[in-house]
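Student: Got a predicted model here, sequence first, then my questions.
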Amino acid sequence: MALSSQAVDFVDEDRLNELLGKSPVDTAQLQDVLAKSLAKVPLNLEETAVLLCADKSEQVERIFEAARTLKQQVYGNRIVIFAPLYIGNQCTNDCIYCAFRRSNKDAERRTLKSIELKSQVEALEIKGHKRLILVFGEHPKYDAEFIHDCVRLTYETKIGHGEIRRVNINAAPMDVDGYRRVKEAGIGTYQIFQETYHHESYAQCHPANTRKGDYLYRLDALSRAQEAGIDDVGIGVLFGLYDWRFEVMGLVAHALFLQERYNVGPHTISFPRLQPAKGIKLDERYLVDDESFKRLIAVLRLAVPYTGLVLTAREPADLRREVMSFGVSQIDAGSRIELGGYTEAGDAQVQAMEKGQFRLSDVRSLDEVMRELVVDGYLPSFCTACYRLGRTGEHFMEFAIPGFIKQFCTPNAITTLMEYVVDHASPDTREVAEKLIREEIGKITDEKLKTLLIERVKKIKSSHERDLYF
Ligand code: SAM
Ligand code: SF4
């Protein structure tokens, strides 16, 4: 298992612990850090530790308030929507928290055949999805060639006006050649979670005689991806395996490392919480309660202002609704995580627990989630324009070019929402979404852009023309 040319373990536990040991935090110090973050400057590890150690209730309130403000300033009201698609649950690893682990003899093993993959994709397209993340266990069957072919087939599968315009992947670490092959398929983001940055906990969860048992090989994965030309990457922690404050420091250390070495930080950070899964006995010591979960999201928002934060349907609907305002920029909706779940699921919750990787809490349909977002004043977006126009490092572009969001992101969110309205929405969702579209167009001050956008929205309503992006 070859590492990248300059593989390095940048997680210095002694230093992270030392920084986390500096409580209590005085309010003036906290204010300084918040001011830096509100000026949209990414925080260093010392500053992140200040936010994590600020424990007094009025300090925590200030952190929430600042996270809300920053989110509004940087991202506005857009929320990007995607769905996960599980391709196969065969796995040679033995991660103690996952129902797909090889020692779980009760797991029904399955890999979608091409025809099954096509029918899952069609089912997702019929619902209105445009962005997917394909998820794989770690198995010799799921090599780079196989992943490449799954991505290509997903792009090629179209039904009616439905098409998938961006395919992200979550797959086991590969070598540089493997990443090159996967890149050739035209992936969006390559996502891989370190699970825990704490070495001892990592060793406890991932037996040494498995591929995933090699901490450094996993930590180095995104460097190999970079060497293969993949610069759009997602990192994450499975919260609940070790102390949440330490894990946030690990994520920020990882983001800083990528930024410093490759000049581009991660596109997204994911922060799944450990969920019950079939055959799993959870060690409850480090489970993250809702209050701490909200805090960690707010701190991440403030520490990495330009990195997308992904919140999944592992979390219940009401909590998802609440934390949206702290800085989440992407959510999945209408998700099914059992193999074949988009065409075969009956009672999704039971099925997910029986057949899936873990239990999913928010099993509402895409349409319900869309309606709630719109009613709450969010602008759901299926935009995939940057990636397809070759505007690489899109997350950087969004912020580097003055007015980028106003000129591109919001208009594209509006046209993709109109596509959803015309092709997929229920009458109730259609009504509230059309009203939001009118309001959003009304807010545009650039008259030329406004006229063009109105024309495009009308075209989508009255013709078969789709995918009219800026
Ligand atoms: N096999 C690949 C890997 O391990 O990187 C693909 C990822 S796995 C199918 C996707 C992610 O699900 C894992 O990285 C882990 O963080 C998460 N996961 C596994 N078991 C979980 C559980 N019980 N609750 C919540 N998330 C879980
Ligand atoms: Fe396999 Fe990934 Fe589950 Fe670990 S988390 S058992 S590698 S599918």
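Tutor: All right, it came through fine. Ligands and ions are numbered 1, 2, ... in the order given.
Student: Buried residues in the host helix or strand of residue 125, which are they?
Tutor: Here residue 125, judged by DSSP states H and E, is contained in helix 114-127. Neighbour-count burial for helix 114-127, with 16 or more other CB atoms under 10 Å as criterion, is recorded at 116, 117, 118, 119, 120, 121, 122, 123, 124, 125, 127. C-beta: built from backbone N, CA, C; applies to glycine.
Student: can I get those in a markdown table with distance to ligand 2?
Tutor: Formatted as a markdown table, these follow (distance: CB to the nearest ligand atom, whole Å):
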| residue | distance to ligand 2 |
| --- | --- |
| 116 | 19 |
| 117 | 18 |
| 118 | 23 |
| 119 | 23 |
| 120 | 18 |
| 121 | 21 |
| 122 | 25 |
| 123 | 23 |
| 124 | 21 |
| 125 | 26 |
| 127 | 25 |
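Student: and the residues you listed as JSON lines, adding distance to residue 174 and pLDDT?
Tutor: Listed next are those as JSON lines, based on distance: CB to CB, whole Å; pLDDT from 0 to 100:
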{"residue": "116", "distance to residue 174": "24", "pLDDT": "96"}
{"residue": "117", "distance to residue 174": "20", "pLDDT": "97"}
{"residue": "118", "distance to residue 174": "25", "pLDDT": "97"}
{"residue": "119", "distance to residue 174": "27", "pLDDT": "96"}
{"residue": "120", "distance to residue 174": "23", "pLDDT": "97"}
{"residue": "121", "distance to residue 174": "23", "pLDDT": "98"}
{"residue": "122", "distance to residue 174": "28", "pLDDT": "97"}
{"residue": "123", "distance to residue 174": "29", "pLDDT": "96"}
{"residue": "124", "distance to residue 174": "25", "pLDDT": "97"}
{"residue": "125", "distance to residue 174": "28", "pLDDT": "97"}
{"residue": "127", "distance to residue 174": "31", "pLDDT": "96"}
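Student: Residue numbers of the stretch 201-350 of the chain in contact with ligand 1?
Tutor: When proximity is defined by CB under 6 Å from any ligand atom, the stretch 201-350 of the chain lies next to ligand 1 at 238, 272, 274, 275, 277, 314.
Student: tell me the contacts of the nearest residue to the first one once chain neighbours are set aside?
Tutor: Right, the one you point to is residue 238. Nearest non-adjacent residue to residue 238, counting by CB to CB, 6 or more residues apart in numbering: residue 195, 4.5 Å away. Counting by CB atoms under 8 Å, 6 or more residues apart in numbering, residue 195 touches 95, 202, 205, 206, 237, 238, 241.
Student: of those residues, closest to residue 330?
Tutor: Using CB to CB, residue 237 comes nearest to residue 330 of these, at 16.3 Å.
Student: And the helix holding residue 125, what does it pack against?
Tutor: Counting contacts by 3 or more CB pairs under 8 Å, 6 or more residues apart in numbering; DSSP states H and E, helix 114-127 packs against strand 78-88, helix 144-156, strand 158-159, strand 162-163, helix 341-344.
Student: next helix or strand past it?
Tutor: Heading C-terminal from helix 114-127 (DSSP H and E), you reach strand 131-136.
Student: Does ligand 2 have contacts with that next one?
Tutor: No. No part of strand 131-136 sits near ligand 2 under the criterion CB under 6 Å from any ligand atom; the closest distance found is 7.6 Å.
Student: Make 220 the starting number, not 1.
Tutor: I'll keep to 220 as the first residue from here, and by that count the last item is strand 350-355.
Student: partner strands of that strand, parallel or antiparallel?
Tutor: Strand partners for strand 350-355, identified by DSSP bridges, are recorded as strand 297-307 (parallel), strand 385-389 (parallel).
Student: List just the one of these that sits closest to residue 474.
Tutor: Nearest of these to residue 474, taken as CB to CB: strand 385-389 at 18.0 Å.
Student: So residue 653 sits against residue 640, correct?
Tutor: Yes. If you go by CB atoms under 8 Å, residue 653 and residue 640 touch, sitting 6.1 Å apart.
Student: Of the two, give the one with the bigger neighbour count.
Tutor: residue 640 (23 against 18; other CB atoms under 10 Å).
Student: Rounded mean pLDDT for whichever strand or helix holds that one, please.
Tutor: Element membership for residue 640, per DSSP H and E: helix 629-642. Helix 629-642 carries an average pLDDT of 94.
Student: State the next helix or strand along the chain beyond it.
Tutor: helix 646-661.
Student: That following helix - contacts with which helices or strands?
Tutor: Using 3+ CB pairs under 8 Å, 6+ apart: helix 646-661 touches helix 585-594, helix 629-642, helix 666-681.
Student: Just say which of the ones you listed is most tucked in.
Tutor: helix 629-642 (a mean of 23; mean count of other CB atoms under 10 Å).
Student: Which elements pack onto that helix?
Tutor: strand 598-600, helix 646-661, helix 666-681.
Student: closest one to residue 409 among those?
Tutor: Set against residue 409 and scored by CB to CB, the helices and strands packed on helix 629-642 come closest in strand 598-600, at 21.1 Å.
Student: so after that closest one, what's the next helix or strand?
Tutor: Next along the chain after strand 598-600, taking DSSP H and E as the criterion, comes helix 604-607.
Student: buried sites along that next one?
Tutor: By neighbour count on 16+ other CB under 10 Å, the buried set for helix 604-607 is 604, 605, 606.
Student: just to revisit the earlier point, now do the helix holding residue 640 against helix 646-661, angle only.
Tutor: Taking axes from the mean of the first three to the mean of the last three CA atoms, to 10 degrees, one finds that helix 629-642 is oriented at 150 degrees with respect to helix 646-661.
Student: Secondary structure element for the residue in the stretch 220-369 of the chain that ligand 1 sits nearest to, which one?
Tutor: For the stretch 220-369 of the chain, the residue closest to ligand 1 is residue 317, as judged by CB to the nearest ligand atom, at 3.7 Å. Per DSSP H and E: residue 317 is located in neither a helix nor a strand.
Student: residues contacting it?
Tutor: Neighbouring residues of residue 317 by CB under 8 Å, 6+ apart: 310, 496, 499, 576, 577.
Student: Of these, which ones also sit close to ligand 2?
Tutor: Among these, proximity to ligand 2 is found for residue 310 (CB under 6 Å from any ligand atom).
Student: Same list (the contacts of residue 317) but as JSON lines, adding distance to residue 584, neighbour count and pLDDT.
Tutor: Below are these laid out as JSON lines (distance: CB to CB, whole Å; neighbours: other CB atoms under 10 Å; pLDDT from 0 to 100):
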{"residue": "310", "distance to residue 584": "29", "neighbour count": "25", "pLDDT": "97"}
{"residue": "496", "distance to residue 584": "23", "neighbour count": "20", "pLDDT": "78"}
{"residue": "499", "distance to residue 584": "28", "neighbour count": "17", "pLDDT": "77"}
{"residue": "576", "distance to residue 584": "21", "neighbour count": "25", "pLDDT": "68"}
{"residue": "577", "distance to residue 584": "20", "neighbour count": "21", "pLDDT": "73"}
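Student: Let me have the contacts of residue 317 in CSV, extended by distance to residue 246 and secondary structure.
Tutor: Below are the contacts of residue 317 laid out as CSV (distance: CB to CB, whole Å; DSSP: H, G, I helix; E, B strand; the rest coil):
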residue, distance to residue 246, secondary structure
310, 48, coil
496, 42, coil
499, 42, coil
576, 43, coil
577, 40, coil
